[in-house]
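**Q** Predicted model, plus sequence, below.
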Amino acid sequence: MKNKIIGIMALSILIFSAFLGTMRGQKDDGVFYLKDIEGQRDYLKLFPVEGITGDGTQGCIFRIEDGALSVDYYPFGLDEIRNLFYAQREGIVGIKKYSYDIYSTNNGDELTSFADSAPSMDAKIQHMDGIHEEAMENGYFDYVEVSGGETVLADKIDIYLNIYATNSPGEARVRTGMTLQDQVEYYYAKGYQEGDETSVGYSSFDELEFETFCVKAGDAYYCMVGSKRECQGETSLYRIKKSGLSEPEGTLDREDFYQQYECGAVERICSFPVNEKDRVIGLYALGEEAFGIFRIQNETLLFEVYDSEGSLVHQDLLPTQLCNKIDRAEAEITVWEEGDVSVYFRMYDVVKNDDSSQTWDCVLDGMYQIDEQGVKRLDCFGQRSGRLLTLCRNNLVFDVSMELDEGIQIPSYYGYQVYFTVMNGDTGKVLYQGKLETDYFEDSYKTVSPYNIGKNADYLEEAVKTQYIDGLLGQRQRQIGDILPLNGKVVNLW
Amino acid sequence: MKNALKLSNYLFCWFFHKYERYILGLSVAIATILVFSIGSLKDKNVYKHFATEFRTFDLVLDYSGVGIIFFLGLITLFASIFIQANGFYTNGKGMYSIFTLPMKRGEVFFAFFLSAAAAVFLYFVVWLIVMVVLYFPITGIYEKAAAKAVLYISEEVTLRNLDTSITNGLFLAFHRSIFLSGCFPVSWIQALSLCGGMFLSIIAIVFAGLYNEHIFVRVGLFVVVLGGFCAAFYRIWVNIKIQFFYSLKTFMPQSLYFFVISVLLGMVLIFVALHTLKRRKDI
């Protein structure tokens, strides 16, 4: 042959091009389209959404806008596509969106809060040598070498609200006016570390898991400590600006059993009395200009909307007989760019089991639609689990949820399909129902496989045990990751 | 230019006869034997815990270690390129005869580069053809076995003739296999970084072979060859980390950065090499 080099280069390039071309042709994106089940698709056009779906090696970002499904496929795993998706929603374009990482987005500038406690001024205080035996039983001191300690016991404690920002110096601390008295013995234990001047502290208050809320409305933050049945006194809603953080006056012994100082420019807006029948269970930001509070007063459940000045704008009584059972509230809040807000709340009854786990039972759910016409409560018809996204707007309820396919009823078979439903907010009549039809699913744990399980096939146990299969070699799934509304932000507080 | 092509042709034919046909033949033979022996349906083998029709081609290739054979062959290939270029100083023919040809020194370097590039191209192409050809008998074995199997769901329900095509497919094999997706890319991102990395490695190994003044420059160039390998096969490293070490890393934008850096570095090396070779007055 005259010149092998040219021949080889040309042949290689030809073969690689043919290979790439064939691969592109063989690439099977599968079946993925929006199928109407009933109703008119025009109703779907009122709720444009976008989402991600895929498995360990490939997936897509899809959009349902104007009732049409458009899909962008990517040769990345679902987690990389999720980063791309959120980067695009933030408006980052170009090469920068490939290096966006949602877990490292910096929230250090925002204010956060936590609650702690100290004995009240009029409490009976007892000093004890050694660490309280309950603290030792809890296992908190298991991993530190302590040689001796002290405990302070009190019968009445005050609850303080602490506010700080990770990236800014200073803090704010205020006594909320909530007290706990005589329910159990409240202790503050301190253990001295061997060979060190420092000590490790633990308080029985830490086990009580008080919830604090800190939401931003306008340019100020509104904070509050949620109350529990055992509390007495009152809990207050405070407003603080970022510039209100300051250093506490005087010298502080940070290693003391408890702190009783107050600092920071914290402004009290209003107070709610708390006792066994009156509780405050939720505070949520409703967009930039308003926030909402869920509270129980005299066995009625109230939802109140405040504006960014702190004045009450709307109050709604929820009709329920189950106020005694409600322990916690959670809400998913969607804010559209045009200013409409949708609140999907669920009230839980928390039951502590014997093995120190908790069961959360949803006893009440519903929705609030907030727009320029005011605040309206809607029912959120349908089943309570498997929901990906639930919105209400313009008197319509939009629900995206997953249901198990009827195909093969075997446990661990990933046959979930995603259904879109638009309902009339007042009557619950289904105006549109559709489904994301896909053929892309595979059973992760290899339970649907043709072998005779009557035989002793040990690889069946192996397939179920080795769940690292969820890597590259395992799946071919169109598993729905996230679904979010276009032009809207969801603050999901589950 | 004509002389450069002629010289590169001569170098390549020599290289093929002396080294490459053995490297290629041996590596392809070992790979085929490995794939068939490990991917067979014998009772005691590594795929025991996958039911037969879920044993896909990418699974077989990745588990059987064929990728390691590929890389050993590639490294041997690069070593042989180096030995061939280096041999022009050490054996009787010497660089004298090369550099007394009626060619510019830059053209000589280009001839060596073309020959090495053709060798690497040939290696990749032959392996690609072998991998594609091996796909059909292996999946044929599994599909035949799967067709005979039966699933007992419960006493009343038995399933036969389940659709096994959902897990097979040539595109899926090349996309999901760690080895295949890195070396024979179906995504343009990996194709770019593979080309960039191999370009850098070939330049560096040819330069290392022709340059024998200082040993540490040669060692430095070997490190550059390794760097080119890292840029070309970064995707494989990321996939291994994700699968076996439970970490979550991304391909982008690092792959594109690697491509740009290796192409730029390759250009710089070309200029350095041309300048250095021109500078040699003793030959």
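**A** Looks like it arrived, so ask away. Residues are numbered from 1 along each chain as shown, chains lettered A, B, ... in the order given.
**Q** among the helices and strands of the chain, which has the poorest mean pLDDT?
**A** Let's take chain A. Least confident helix or strand, chain A: helix A:458-465 with a mean of 44, by mean pLDDT, DSSP states H and E.
**Q** Not quite, go with chain B.
**A** Going by mean pLDDT, DSSP H and E, chain B bottoms out at strand B:151-152, a mean of 58.
**Q** Show the contacting residues for the closest residue to A:I92 other than its chain neighbours.
**A** Of all residues beyond its chain neighbours, the one nearest A:I92 is A:Y100 (5.9 Å), with distances taken as Cβ to Cβ, 6 or more residues apart in numbering or on different chains. Where you see a C-beta, it was placed from the backbone N, CA and C, and this is true even at glycine. Shown in contact with A:Y100 (Cβ atoms under 8 Å, 6 or more residues apart in numbering or on different chains): A:83-84, A:86-87, A:90, A:92.
**Q** And A:Y100, how far from B:F259?
**A** 20 Å (Cβ to Cβ, to the nearest Å).
**Q** Map the structural domains onto the sequence of chain B.
**A** Here the domain parsing of chain B from automatic domain parsing is B:1-182, B:185-283.
**Q** Ok, chain A next?
**A** According to automatic domain parsing, the ranges for chain A are A:15-101+A:401-492, A:111-274.
**Q** Lowest average pLDDT across the ones you listed?
**A** Lowest mean pLDDT within the domains of chain A: domain A:15-101+A:401-492, at a mean of 73.
**Q** for the helix or strand A:L180 falls within, packing partners?
**A** Here A:L180 is covered by strand A:171-193, with elements defined by DSSP states H and E. If contacts are counted by 3 or more Cβ pairs under 8 Å, 6 or more residues apart in numbering or on different chains; DSSP states H and E, strand A:171-193 sits against strand A:111-119, helix A:133-138, strand A:146-165, strand A:199-203, strand A:220-225, strand A:231-240.
**Q** right, so of those, which gets closest to chain B?
**A** strand A:111-119 (25.6 Å; Cβ to the nearest Cβ).
**Q** Output the below-cut-off pLDDT ranges for the stretch 101-250 of chain B.
**A** For the stretch 101-250 of chain B, applying pLDDT under 70 flags the ranges B:146-168, B:246-248.
**Q** residue ranges for the helices of it, please.
**A** Counting by DSSP state H, counting those that start in this stretch, one finds helices in the stretch 101-250 of chain B at the ranges B:105-148, B:170-176, B:178-183, B:188-210, B:215-232, B:234-244.
**Q** And A:E207, how close does it get to A:S99?
**A** Separation of A:E207 from A:S99 (Cβ to Cβ): 41 Å.
**Q** hmm, back to that, packed most tightly, which of the helices and strands packed on strand A:171-193 would that be?
**A** strand A:220-225 (a mean of 25; mean count of other Cβ atoms under 10 Å in any protein chain shown).
**Q** Quick one: list the elements packing against that strand.
**A** Going by 3+ Cβ pairs under 8 Å, 6+ apart, strand A:220-225 lies up against strand A:111-119, strand A:146-165, strand A:171-193, strand A:212-217, strand A:231-240, strand A:279-286.
**Q** again, only using 6 Å
**A** strand A:111-119, strand A:146-165, strand A:212-217, strand A:231-240 (3 or more Cβ pairs under 6 Å, 6 or more residues apart in numbering or on different chains; DSSP states H and E).
**Q** Give me the residues contacting it.
**A** Residues from elsewhere that reach strand A:220-225, judged by Cβ atoms under 6 Å, 6 or more residues apart in numbering or on different chains: A:111, A:113, A:115, A:159, A:161, A:163, A:176, A:210, A:212-215, A:235, A:237-241, A:283, A:291.
**Q** now swap in stretch B:183-201 and tell me
**A** So stretch B:183-201 is contacted by A:23, A:75, B:128, B:174-175, B:225, B:228, B:231-232, B:235, B:255, B:258-259, B:262-263, B:265-266 (Cβ under 6 Å, 6+ apart).
**Q** For it, what is the distance to the chain centroid?
**A** Between the centre of stretch B:183-201 and the centre of its chain there are 10 Å (Cα atoms, centre = their mean, to the nearest Å).
**Q** for it, which positions count as buried?
**A** B:183-187, B:189-190, B:192-201 (16 or more other Cβ atoms under 10 Å in any protein chain shown).
**Q** so what's A:F213 closest to, chain neighbours aside?
**A** Nearest non-adjacent residue to A:F213, counting by Cβ to Cβ, 6+ apart: A:L283, 3.7 Å away.
**Q** likewise B:L277?
**A** Spatial nearest neighbour of B:L277, excluding adjacent residues (Cβ to Cβ, 6+ apart): B:R105 at 4.6 Å.
**Q** right, and that neighbour touches B:K278 too?
**A** Yes: using Cβ atoms under 6 Å, B:R105 is in contact with B:K278, at 5.1 Å.
**Q** Of those two, which one has the most company?
**A** B:R105 (20 against 12; other Cβ atoms under 10 Å in any protein chain shown).
**Q** Now do the more buried one against B:V268, distance only.
**A** 18 Å.
**Q** for B:P253, same thing?
**A** Applying Cβ to Cβ, the value for B:P253 to B:V268 is 22 Å.
**Q** How about the backbone phi and psi for the residue nearest to A:R328 when sequence neighbours are not counted?
**A** Computed as Cβ to Cβ, 6+ apart, the closest residue to A:R328 that is not its neighbour in sequence is A:Y348, at 4.7 Å. Taking degrees, to the nearest 10, you get phi -120, psi 150 for the backbone angles of A:Y348.
**Q** The one 5 residues further on now?
**A** Backbone dihedrals for A:N353, given as degrees, to the nearest 10, come out at phi -90, psi 170.
**Q** List the neighbours of stretch A:346-365 that are in contact with it.
**A** A:320, A:322, A:325-330, A:380, A:384.
**Q** try stretch A:122-130
**A** A:119, A:151-156.
**Q** could you point out the longest helix in chain A?
**A** For chain A, the longest helix by residue count, based on DSSP state H, is helix A:4-26.
**Q** now for that helix, which elements pack on it?
**A** Helix A:4-26 packs on helix B:2-15, helix B:105-148, helix B:170-176, going by 3+ Cβ pairs under 6 Å, 6+ apart.
**Q** Pick the most deeply packed of these.
**A** helix B:170-176 (a mean of 22).
**Q** what's A:D349 sitting at in phi/psi?
**A** Per-residue torsions, A:D349: phi -110, psi 120 (degrees, to the nearest 10).
**Q** what about it, neighbour count?
**A** Count around A:D349 with other Cβ under 10 Å applied: 16.
**Q** ok, now A:K277?
**A** Residues near A:K277, counting by other Cβ under 10 Å, number 14.
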